[in-house]
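*Asks:* take this sequence and fold it.
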Amino acid sequence: MRKILHIDMDAFYASVEQRDDPSLRGRPVVVAWRGARSVVCAASYEARPFGVRSAMPAVTAERLCPDAIFVPPDFARYKAVSRQVREIFHAHTDLVQPLSLDEAYLDVTDPKIPSPSATATAQAIRAQILEATQLTASAGVAPNKFIAKIASDWNKPDGLFVVKPAQIDAFLIPLKVGLIPGVGKVMEKKLAELGVATVGDLRGLSLEVLQGRFGSFGARLYQRARGIDERGVEPHQPVQSISSEDTFETDLLLEDLAPMIERLAEKTWAATRRTARVGRTVVLKLKTSQFRILTRSFTPDTPPASQAELIRIALALRERVDLPASTRYRLVGVGIGGFREPDELPVQVGLFEG
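*Replies:* Modelled structure (predicted):
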């Protein structure tokens with residue numbers, strides 16, 4: 001049986017800022033650019049009790065926490081710290097799958113450094129991260145990626161939580177179904193209509209019912225409810241695309257989608273910044289009320305250089321949708337693909353900035 005770790009740095013960007021500027025320690029810190037269209041990249045734990053969260057508009061964060069200190073992100077610094085952390089990971093195993101600058105899966109079934117248990121390996125890694133970076137990390141230890149990811153959130157910040165094979169049922173059954181990755185508010189509401197509030201409730205639905213209602217995602221829900229996740233840790237698999245999607249409670253006309261497209265473009269831009277990589281191709285995804293999926297994409301000569309630029313391209317793609325004006329849509333998504341490392345690209349001027 002595999003031994004999987006999910007390790008997640010605690011409030012990574014904000015913690016780096018507090019580490020490097022002692023005057024910020026113990027104070028609510030929001031990592032974000034100023035501006036009406038800016039979104040929060042990270043919030044310190046001192047800011048979170050006020051409701052400040054990553055990916056929310058910066059103006060909302062300022063309203064929720066007027067005393068917050070706003071710090072512009074410095075991705076070169078975050079990337080340098082991330083390299084330090086990954087060196088520690090690779091000292092223990094070659095099976096490392098980074099998800100972003102601040103989190104990764106590790107398969108420590110057969111670690112490079114002899115260890116009595118996966119738990120001991122996780123403890124050693126966390127201690128080494130603290131010593132090397134003066135930053136804390138939380139870890140989940142479990143037989144698969146799905147459970148390890150949930151477990152890593154259990155004792156944040158600076159926490160460790162272990163789910164052994166014999167403990168899977170006891171751990172999963174009482175969990176709110178919204179903790180399953182991929183189950184957002186809309187899906188949670190649809191499951192509630194079926195009488196499902198917890199993972200235990202979800203287990204009461206047959207595979208046929210879940211597939212009939214939710215297709216391939218229903219089959220995945222059936223497996224996750226039983227603690228099944230056969231995915232292995234995949235090293236050297238950089239993210240090829242990042243997207244944000246939203247499903248509406250009420251189907252909307254194309255002309256009504258602009259605010260949602262802008263908000264999703266902001267979330268996607270924030271997510272791409274966390275990877276410290278650059279994507280060229282912008283994709284707009286739509287799903288009609290009849291479940292027809294269509295996409296429109298554009299690959300400019302140079303990658304989008306700002307959040308505003310991404311928004312403009314995404315809104316322009318909306319104009320290329322040629323379905324009847326009466327068509328209603330139940331989902332919209334904005335994505336970026338074709339990623340490359342920033343240092344592979346020349347310095348450039350934004351598409352819409354002369």
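*Asks:* packing partners for whichever helix or strand Thr60 is part of?
*Replies:* Per DSSP states H and E: Thr60 is located in helix 58-64. Secondary-structure packing of helix 58-64 (3 or more Cβ pairs under 8 Å, 6 or more residues apart in numbering; DSSP states H and E): strand 29-31. In this view, the C-beta of every residue, glycine as well, is placed from N, C-alpha and C.
*Asks:* with adjacent residues omitted, what lies nearest to the most centrally placed residue in the chain?
*Replies:* With distances taken as Cα atoms, centre = their mean, Ala271 lies nearest the centre of the chain, 7.0 Å away. Spatial nearest neighbour of Ala271, excluding adjacent residues (Cβ to Cβ, 6 or more residues apart in numbering): Ile242 at 4.8 Å.
*Asks:* can you classify the one you found by secondary structure?
*Replies:* strand (DSSP: H, G, I helix; E, B strand; the rest coil).
*Asks:* give me phi/psi at Val141?
*Replies:* Phi and psi for Val141, reported as degrees, to the nearest 10, are phi -120, psi 130.
*Asks:* so who does it touch?
*Replies:* Each residue near Val141 by Cβ atoms under 8 Å, 6 or more residues apart in numbering is listed here: 3-5, 118-119, 122, 148, 151, 160-163.
*Asks:* give me that answer again for 6 Å
*Replies:* Contacts of Val141 were listed using Cβ atoms under 6 Å, 6 or more residues apart in numbering, and they are 5, 118-119, 122, 162.
*Asks:* could I get the average pLDDT for stretch 296-306?
*Replies:* Averaging pLDDT along stretch 296-306 gives 79.
*Asks:* returning to that earlier point: please give the element, helix or strand, for the residue nearest to the centre of the chain.
*Replies:* helix 258-275.
*Asks:* which secondary structure elements does that helix contact?
*Replies:* Counting by 3 or more Cβ pairs under 6 Å, 6 or more residues apart in numbering; DSSP states H and E, the packing neighbours recorded for helix 258-275 are strand 241-253, helix 307-318, strand 328-340.
*Asks:* state the pLDDT value of the residue nearest to the centre of the chain.
*Replies:* Ala271 carries a pLDDT value of 85.
*Asks:* same question, Phe352
*Replies:* According to the prediction, Phe352 has pLDDT 28.
*Asks:* what ranges do the helices span in this protein?
*Replies:* Ranges of helices within the chain are 12-20, 58-64, 75-92, 118-133, 145-152, 168-172, 185-193, 199-203, 207-225, 258-275, 307-318, based on DSSP state H.
*Asks:* measure stretch 159-173 end to end?
*Replies:* In stretch 159-173, first residue to last residue: 22 Å (Cα to Cα, to the nearest Å).
*Asks:* show residues contacting it.
*Replies:* Identification of contacts with stretch 159-173 by Cβ under 6 Å, 6+ apart yields 119, 122, 138-143, 147, 151, 154-155, 199-200, 227.
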